[in-house]
Each structure stands twice: as C-alpha cells, then as structure tokens.
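Undergrad: model this:
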Amino acid sequence: MTPVTRVKYSAAASAAALLLGLAAPTASAHPASAHRVPFTAATVTDHADGTSTISWDAPGTHRVTVRSEGRTVARGGSAGSVTVPTRAGADRHWFDLVPDRGTPLRLADRLIRLQGTVNFRDAGGYRTRDGQWVRMGEVYRSDALDRLTDADLAKLRRLGVRTVLDLRMESERTAAPDRVPAGATHVVADVLAGGGGFTSMPATPAGTEAMMTGGNRFMVSGDTARTAYAAVLDEIADGGGDGDGVVFHCTAGKDRTGWAEAALLTALGVPEETVMADYLASSTYRAAADEAVLSHLPPAQAAVYKPLLDVRPGYLNASFDEVREEFGSFRAYLRQGVAVDAHQLKALKRDLLVG
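TA: Numbers count the residues shown, from 1 in each chain. Predicted structure coming up:
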C-alpha cells in the first residue's frame, strides 16, 4: 500500500507553491465556495527519479487531499508541496487535488515526454483572472512531429489526440512530413502560406530581431495568418472538452505555435503575465536543442542566428501591440481577425474551463 504523505503548512511551502504556480488575485477576491475551484496556484512537476512534486495554495480551505489513480497519496493544509513516487511506464501522472470545500482540480506535469519532440506541452493547467482553470488533457502545443517514433504515436493515441493542426509552410511540410497517430485528422493551417519574406536570414543580430518582431506582427494581422488561426480556434472549439485531443504545432513550437497558444489562453481569460510565462517557457524546453545548433556555428553567425532561436518578451509583445493597433482590443481581434464570435467564445470557455 502506498504510504500517505502528510504535509504541514509552512511559509516556505507556501512561497514554493506560489513560485511554481501562477500569480493570482488575493483570496478575498474569490472566496472558496461549494462550486468554485479554491486553488490560486497549483502545479505538478515530474522528475527523472520516478517522483512527482505537487504544490498548491488554496486560501480559505483547511485541508487538501492529493489523490492519484484512485488512491490518497498525500494530505496537507491550505498550502503545501509534496514529492511522491509515481508508477513507472505511465503515459502521464495525474493528480486530483481535493479541497475540503470547493471544486477539486485535476493536474499533471505540462510537458509530454516523447522521443521525437522537445516542446510538446499541455495547453492547460493555468488559472484565469476570475478563478477558473484551463482543463488539462484537451489541447496541446508542440514543435515538429516528423520525428515521432512508433512508441510516441501510440502514446499520443492513448492520450486521445485526434486532430493535428500543422501551422508550417508547404516547404517545411514537404521536407519533414508530420507523423500523426492512427485515426487522427491532419489539418493544414499555414500561417505564412509560403511567404518568402520570412525565409532569408538577415546579416546582423538586430536585423534578425527585427525580422522576428515583424513576423509576430504578421501573425496577428496578415491575411494568411488570420485564416490559419481562425482554423485553429475553430478546431479547438469543435474538439475541446469532448475527449478528442487537439494539437497545434510549427517547426520549433515557439513562434507560430506561441501565438496560437497566447491567443487561446487570452481568449479564455488567462492573465497576460501567465500567458507571457508560458510563451517564454519554450526557452527552457528547447535549451539543449538550441545550444546544439549554435555550438556548430562560427561565433559571428551564431550571434545572427540566436535571435531566431530565442523567445523574447518583445516578440510576443509585438503581437499584442499589433492587436491593439489594428483591432483596438483583443475581443475585437477575436471577432474581426479570427472569426470567433460571442457564441463560439462561450463554447470555448464552457468546454475548456473548470470551476
């Protein structure tokens, strides 16, 4: 029988939970109730040694029970952090955080570990401004899928991935065709539509940074980009919440994919600082792959190439600046730019939010 870990509340545990989790309004803004998710921060982090760390903060509660695979693995107070052993060979390690009052929260580590990708992540597990949470296990973001192994494909099928949205240009798709799980639908949503303006490298680091900033603006207002992201959000609205997983991806899983994720999370009401943190997380997941590229280039060439590999706040901010300048507001961008009306937005929130 798995021993139950009891967690004492401490200032250190609370601080760790807040650092590992998400910035959120104070407890008084959203008191716990019979229906509201009381957690203001919560994360699951898997470790290479076969354990997972679960951290939480649930102001207004007295007790939180952590359950996995139908068994209680830990108990603690309103805030805590616990590391528990996990079952070897599981596709994901899911944990139910059950408060003594309010709605439970189901979480797993955001990263999906595959042999053929480095940046395949769950889009969920984030708290919205009004205290709801984005459901996990429904929508995923990724880098290129051409190197997926048979074992990877089987895993994604077990995880319920039924739709793959490919944001890449035709030249990318031809050079590295997607491998998709059996029975999944492959949908092309070409953001750049083969535009040559984003394929030639500038001569200076500043030029590369300017190219990236311009590309992020194009992803908001460019005609082909608007069509592509409209298709992404439409597919998510059709598939989200019914057990049919949707994954959208480009080559590195950070720029075209990054805006798709930022647009989705913003539409769902996730705070801007959380959206930015999710965007910047690609630098962590892609660190080894990026270093491998740069290490094989002469220093001068590496300096020019590095801004292309980076995710930088200025890149995503350029997209949001373009939203304000071209559409006036994010709500207007949803309606006019990517054809998400009030009915569809309501459906997205109904299917993808908990609490």
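
Undergrad: can you pull out the helices in the chain?
TA: 11-20, 150-158, 170-175, 205-221, 223-239, 256-268, 272-280, 282-285, 287-294, 299-309, 313-327, 330-332, 342-352 (DSSP state H).

Undergrad: Out of those, which gets nearest to Val187?
TA: Nearest to Val187, of all the helices of the chain, is helix 223-239, at 6.2 Å by C-beta to C-beta. (Glycine included, C-beta is placed from N, CA and C.)

Undergrad: What ranges in this structure fall below the confidence cut-off?
TA: For the chain, the stretches flagged by pLDDT under 70 are 1-35, 194-199, 240-243.

Undergrad: swap the cut-off to 80 and go again
TA: Within the chain, the stretches with pLDDT under 80 are 1-35, 194-200, 239-243.

Undergrad: which residues does the residue minimising distance to the centre of it contact?
TA: The residue lying closest to the centre of the chain (C-alpha atoms, centre = their mean) is Ala123, at 3.0 Å. If a contact means C-beta atoms under 8 Å, 6 or more residues apart in numbering, then Ala123 has Val134, Glu138, Val139, Tyr140, Arg141, Glu261, Leu264, Leu265 as its contacts.

Undergrad: Let me know the closest of those residues to Leu167.
TA: Arg141 (10.1 Å).

Undergrad: what about the closest one, distance to Leu294?
TA: 23 Å (C-beta to C-beta, to the nearest Å).

Undergrad: okay, the two: which has more neighbours?
TA: Arg141 (26 against 14; other C-beta atoms under 10 Å).

Undergrad: check contacts around the more buried one.
TA: The neighbourhood of Arg141, defined by C-beta under 8 Å, 6+ apart, consists of Asn119, Phe120, Arg121, Ala123, Val247, Phe248, His249, Gly253, Thr257, Ala260, Glu261.

Undergrad: I figured Arg101 was touching Val37, is that so?
TA: No: counting by C-beta atoms under 8 Å, Arg101 does not reach Val37; the two are 10.9 Å apart.

Undergrad: Please say which of the two ends up with more neighbours.
TA: Taking neighbours as other C-beta under 10 Å, Arg101 and Val37 compare with Val37 leading, 24 against 15.

Undergrad: if I pick the more buried one, what's in contact with it?
TA: Contacts of Val37 by C-beta under 8 Å, 6+ apart are Gly102, Thr103, Pro104, Leu105, Gly131, Gln132, Trp133, Val354, Gly355.

Undergrad: The residue lying closest to the first one once chain neighbours are set aside: how many residues sit nearby?
TA: With C-beta to C-beta, 6 or more residues apart in numbering as the criterion, Gly102 has its nearest non-adjacent residue at 3.9 Å, and that residue is Pro38. Per other C-beta under 10 Å, the neighbour tally for Pro38 reads 27.
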